[in-house]
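Colleague: below is the sequence, then the predicted model.
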There are 4 protein chains.
Amino acid sequence: MTTARRAGSPEAPAGGQNGRVPNTVSKKKTQVSAGPERRRELLDTAAEVFAAQGYNATTVRKIADAAGMLAGSLYYHFDSKESMLDEILSSFLNELWEGYDAVLEAGLGPRETIEALVTESFREIDRHRAAVAIYQKESRHLTDLPRFHYLVDSQERFEKAWLGTLERGVAAGVFRADLDVRLTYRFVRDTVWVAASWYRPGGQHSPEEIARQYLTMVLDGVAVRP
Amino acid sequence: MTTARRAGSPEAPAGGQNGRVPNTVSKKKTQVSAGPERRRELLDTAAEVFAAQGYNATTVRKIADAAGMLAGSLYYHFDSKESMLDEILSSFLNELWEGYDAVLEAGLGPRETIEALVTESFREIDRHRAAVAIYQKESRHLTDLPRFHYLVDSQERFEKAWLGTLERGVAAGVFRADLDVRLTYRFVRDTVWVAASWYRPGGQHSPEEIARQYLTMVLDGVAVRP
Amino acid sequence: MTTARRAGSPEAPAGGQNGRVPNTVSKKKTQVSAGPERRRELLDTAAEVFAAQGYNATTVRKIADAAGMLAGSLYYHFDSKESMLDEILSSFLNELWEGYDAVLEAGLGPRETIEALVTESFREIDRHRAAVAIYQKESRHLTDLPRFHYLVDSQERFEKAWLGTLERGVAAGVFRADLDVRLTYRFVRDTVWVAASWYRPGGQHSPEEIARQYLTMVLDGVAVRP
Amino acid sequence: MTTARRAGSPEAPAGGQNGRVPNTVSKKKTQVSAGPERRRELLDTAAEVFAAQGYNATTVRKIADAAGMLAGSLYYHFDSKESMLDEILSSFLNELWEGYDAVLEAGLGPRETIEALVTESFREIDRHRAAVAIYQKESRHLTDLPRFHYLVDSQERFEKAWLGTLERGVAAGVFRADLDVRLTYRFVRDTVWVAASWYRPGGQHSPEEIARQYLTMVLDGVAVRP
DNA sequence: GATGAATGAGGCTTCATTCAT
DNA sequence: GATGAATGAAGCCTCATTCAT
């Protein structure tokens, strides 16, 4: 039931068939590692459970079970259940923005920027599937808590980046002008991130391949051109 | 067991094929009505809260507050919090499938079928926004409960309908053959239903208008044709 | 489930095969009688349910179901669930003491007194099976409530009557002197009243017949005399 | 399913065949013990309260109060209030049957078997007074719950053992043939077990002494022989 | 006399969290 | 670093009772 596979990488046949860059999030040595790596492991475990069952429905005991310890023991490592969530989300967002910022500062054209952002997004989904899924499900009601206000900030930067690029594209004549830009923005944004709900790392398509297909759908459409 | 009962659906005679249907769902805090309408009102209220806060994070007290009664009083009308959820989802799915079946039995071509399904979907989002949002967020872990097994059935029919239509379209040469059909399926499906997360009835676009724009994006792409 | 047969007499093939004196507690005319008889009927129904499920486990709704009305409606007839219990027990005890007093004032010898008390007791069990069963199960913790203090009084009178008779018998040489009288008292008392837990009116033995057999067991023993 | 597990029974090596066993059951409010003994202590406490107030009337808070902890803390040790009851009853029945089986397999004559069973029964009442009292009061409506179906099994074995012995005795001419055997069975059975309702361990009579007196009453009668 | 709907207290249970060992 | 046991707040649900109709 509480399957909770150790998150992401270890079992992934690293750098396998699709020329994918293995993203070794944690390098656990033996069974149980120590120090800050242990922390990472526990967070990965927690993220899996949160993603699978929902934050509220996840009890600290379930996380502890999945980690092979007792509930109380988690409190040696973390202040609270909420702080685990916090750490999961913030470290995901940090990495996401590292990638996004690199793209945004690269001085690409609108279409290329969109392509790069989409590709980067799928890479993040690949690396942080659980965190992305949690983010999707929980961010709405989390924004009420002051502690998670950075989610709002991130959302705003996010919107600015995408919406801006789209508008730039419309102005440049590379994106259609007959569409409501906000609608388009939501369309593209959702289209990409919802994928986290079904994506499983190590599946038959690499994130880059999925990004490629998504991009041609979004940009060129599903219909055959007349 | 819990076979989706068909709700009386007073919302049904929804004004025509395109005119915005003002959401008459009930304005809490007005005088309470009696009889089976009261039940509907309470379910609508509950759905609103479930959608906003998530099923697990919603306490019966919150629902009762929103309905202007005490928590215990809800149990005069419903067996349990879960049965409220059940009734909300099943009556939504019943209505959804009425619309979908009408489309699927109309003998339309693949492209027209997709167009009709998307349009019908946005109409359902308009009518049952809360239920759709709940469905999106909760269906995954609900399927574990025997009581909600009908969600799995519905999902299967759903996939059959959409995937089948897409395949038909590829075979007929109206949809691109160079895409992974399952990927396309997920793309179209998610793209439509996630809209429930931001859609607000009574906004500036009617469901039909949103459907139209979504359809041209999905079918023809966002990019300007070369 | 909540079988709740209308109590005692009506269905009993009055004065049937065993030369039993029919004790017509209530003469209901048709389906639902009015006035004070209705009250009796409801109390009989309540007593059945209390006896079957236990006072605490019996909800007012169960009684109402058995009586064919809604829970709230009972409050037209009675102040509270507790007052139903009160009325059931006190009216039983009243009748019991009527019978007991007649016996005790008859000036019989010790053995004859015991015989008459036992017989009278089985008659009461026959007439008020439910009340007796309730009494057995609930009296202990009821005595805490001031309202039910008469239970304590009754118990004391009861003990005085039985214990006194036994002692009289020991003094008179008709009951064995080698036994602890209190133990004997408890033995006889319990032996009789517990029968309410399995006795069903209209069974194959009349109360008088059961009394007769019990008496020879208690007085003469189960073993064959050497 | 819930097969009566055998409790560790530290009470088992109960001092000899007649010397009063001082009830070492645990004196709440003393220092709490740890490990599986704590479980036993809590169960003993719970049994005491159940016996005194009835299962339904007993709130978990009352049990917790008696155990010197908060209501919720009980759930660290037990799944539910019902499972406490289950464990109390099943461990009592296990011990009871150990004793009964020893008697039944000893190849005694009918009268000696009855004597041994009665004596064993009073010993059980002495050791498990609370459990016996609970059993008396609650077993009837408990048998509806699948979880407690073993109570029915036990009752059947019980009846077989006693009734069989009585019939053997009648056939052998040691018990009276002029009595209804089932009536005799109920008489003897009830007569013994009801004693749990007034018996207090540490009273002036040892269980063996009470058994002896009960046996001469049951077998030889209360009346002086003519 | 009875109904339908609600109240409010309280019951069982869960769970994040703490802390001595 | 981890365990075992407990806390205390809160959650879902039940139920006796009330009352307008």
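Modeller: Received the coordinates, thanks.
Colleague: contacting residues around the closest residue to residue A:61 other than its chain neighbours?
Modeller: Nearest residue to residue A:61 in three dimensions, chain neighbours excluded: residue A:71, at 4.5 Å (CB to CB, 6 or more residues apart in numbering or on different chains). For every residue, glycine as well, the C-beta is placed using N, CA and C. Taking CB atoms under 8 Å, 6 or more residues apart in numbering or on different chains, we find residue A:71 in contact with A:59-61, A:63-64.
Colleague: residue ranges with poor pLDDT in chain A?
Modeller: For chain A, the stretches with pLDDT under 70 are A:1-34.
Colleague: indicate the residue of it located nearest to DNA strand F.
Modeller: Proximity of chain A to DNA strand F (CB to the nearest atom of the strand) peaks at residue A:72, 2.7 Å away.
Colleague: number of nearby residues for that residue?
Modeller: Using other CB atoms under 10 Å in any protein chain shown, residue A:72 has 10 other residues around it.
Colleague: what does residue A:42 give?
Modeller: Neighbours of residue A:42 (other CB under 10 Å): 22.
Colleague: and the one 5 residues further on, by the same measure?
Modeller: Counted by other CB under 10 Å, the residues lying close to residue A:47 total 28.
Colleague: again, but for the one 5 residues further on
Modeller: Here the neighbour count serves as a burial measure; for residue A:52 (other CB under 10 Å) it reads 21.
Colleague: any idea how far the residue in chain A positioned nearest to DNA strand E lies from residue D:190?
Modeller: Chain A approaches DNA strand E most closely through residue A:72 (2.9 Å), counting by CB to the nearest atom of the strand. Between residue A:72 and residue D:190 the computed distance is 50 Å (CB to CB, to the nearest Å).
Colleague: can you check residue A:46 too?
Modeller: With distances taken as CB to CB, residue A:46 is found 59 Å from residue D:190.
Colleague: look at these two and report which has more neighbours.
Modeller: residue A:46 (29 against 19).
Colleague: ok, now which ones touch that one?
Modeller: A:58, A:63, A:67, A:84-85, A:88.
Colleague: let's see 6 Å
Modeller: A:63, A:84 (CB atoms under 6 Å, 6 or more residues apart in numbering or on different chains).
Colleague: all helices of chain A, in order?
Modeller: For chain A, the helices defined by DSSP state H occupy A:35-53, A:60-67, A:74-77, A:81-104, A:110-127, A:129-142, A:149-171, A:181-193, A:207-220.
Colleague: identify whichever of those lies nearest to residue C:94.
Modeller: Closest of those to residue C:94 is helix A:60-67, at 57.6 Å (criterion: CB to CB).
Colleague: end to end, how far does stretch A:68-81 reach?
Modeller: Using CA to CA, to the nearest Å, one end of stretch A:68-81 lies 17 Å from the other.
Colleague: since we're on residue A:148, how many residues are nearby?
Modeller: If you count neighbours by other CB under 10 Å, residue A:148 ends up with 18.
Colleague: quick check: closest non-adjacent residue to it.
Modeller: Excluding the flanking residues, the one nearest residue A:148 by CB to CB, 6+ apart is residue A:142, at 4.3 Å.
Colleague: the one you found and chain D: what is the separation?
Modeller: 28 Å (CB to the nearest CB, to the nearest Å).
Colleague: before we move on, what about residue A:69?
Modeller: 17 Å.
Colleague: residues near that residue, how many?
Modeller: 15.
Colleague: how about residue A:178?
Modeller: 8.
Colleague: now do residue A:105
Modeller: The burial count for residue A:105: 8, using other CB under 10 Å.
Colleague: the one 4 residues further on now?
Modeller: The tally of other residues near residue A:109 (other CB under 10 Å) stands at 13.
Colleague: for residue A:57, which non-adjacent residue is spatially closest?
Modeller: residue B:56 (4.8 Å).
Colleague: quick check: the gap between the residue nearest to residue A:180 when sequence neighbours are not counted and residue B:129.
Modeller: Distances taken as CB to CB, 6+ apart place residue B:213 nearest to residue A:180, at 6.2 Å, with adjacent residues excluded. When CB to CB is the yardstick, residue B:213 and residue B:129 sit 18 Å from each other.
Colleague: can you point out the buried residues in stretch A:92-109?
Modeller: Using 16 or more other CB atoms under 10 Å in any protein chain shown as the burial criterion, the residues of stretch A:92-109 that qualify are A:92-93, A:95-96, A:99-100, A:103-104.
Colleague: CA atoms only: put that stretch into PDB for me.
Modeller: Output in PDB follows, covering the C-alpha atoms of stretch A:92-109 (Å, rounded to 0.1, in the frame of the first residue of the first chain):
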ATOM      1  CA  PHE A  92      12.400  22.000  -5.900                       C
ATOM      2  CA  LEU A  93      11.600  25.600  -6.700                       C
ATOM      3  CA  ASN A  94      15.200  26.700  -6.200                       C
ATOM      4  CA  GLU A  95      16.400  24.200  -8.700                       C
ATOM      5  CA  LEU A  96      13.500  25.000 -11.100                       C
ATOM      6  CA  TRP A  97      14.500  28.700 -11.100                       C
ATOM      7  CA  GLU A  98      18.100  27.900 -11.600                       C
ATOM      8  CA  GLY A  99      17.100  26.200 -14.800                       C
ATOM      9  CA  TYR A 100      14.600  28.800 -15.800                       C
ATOM     10  CA  ASP A 101      16.900  31.700 -15.100                       C
ATOM     11  CA  ALA A 102      19.500  30.200 -17.300                       C
ATOM     12  CA  VAL A 103      17.000  29.900 -20.100                       C
ATOM     13  CA  LEU A 104      15.600  33.400 -19.600                       C
ATOM     14  CA  GLU A 105      19.000  35.000 -19.500                       C
ATOM     15  CA  ALA A 106      20.200  33.300 -22.600                       C
ATOM     16  CA  GLY A 107      18.700  35.900 -24.900                       C
ATOM     17  CA  LEU A 108      16.700  33.500 -27.100                       C
ATOM     18  CA  GLY A 109      13.800  34.300 -29.400                       C
END
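Colleague: is that stretch in proximity to chain B?
Modeller: No - Stretch A:92-109 lies out of reach of chain B by CB under 6 Å from any CB of the partner chain, never closer than 12.1 Å.
Colleague: ok now that stretch, how far from the chain's centre?
Modeller: 14 Å (CA atoms, centre = their mean, to the nearest Å).
Colleague: list the contacts of that stretch.
Modeller: Under CB under 6 Å, 6+ apart, the answer for stretch A:92-109 is A:116-117, A:120, A:124, A:128, A:131, A:154, A:161.
Colleague: mind running it again at 8 Å?
Modeller: Contacts to stretch A:92-109, defined as CB under 8 Å, 6+ apart, come from residues A:113, A:116-117, A:120, A:123-124, A:127-128, A:131-132, A:135, A:150-151, A:154, A:157, A:161, A:172, A:174.
Colleague: kindly report the residues of chain A close to DNA strand F.
Modeller: Contacts of chain A with DNA strand F, taken as CB under 7 Å from any atom of the strand, map to A:32, A:34-35, A:38, A:69-73, A:76-77.
Colleague: burial of the residue lying closest to residue A:198 once chain neighbours are set aside, as a residue count?
Modeller: Among residues not flanking residue A:198 along the chain, residue B:186 sits closest, at 5.9 Å (CB to CB, 6+ apart). As a burial measure, residue B:186 scores 22 neighbours (other CB under 10 Å).
Colleague: my read: residue B:186 touches residue A:196, true?
Modeller: No - Residue B:186 lies out of contact with residue A:196 (CB atoms under 8 Å); the separation is 11.5 Å.
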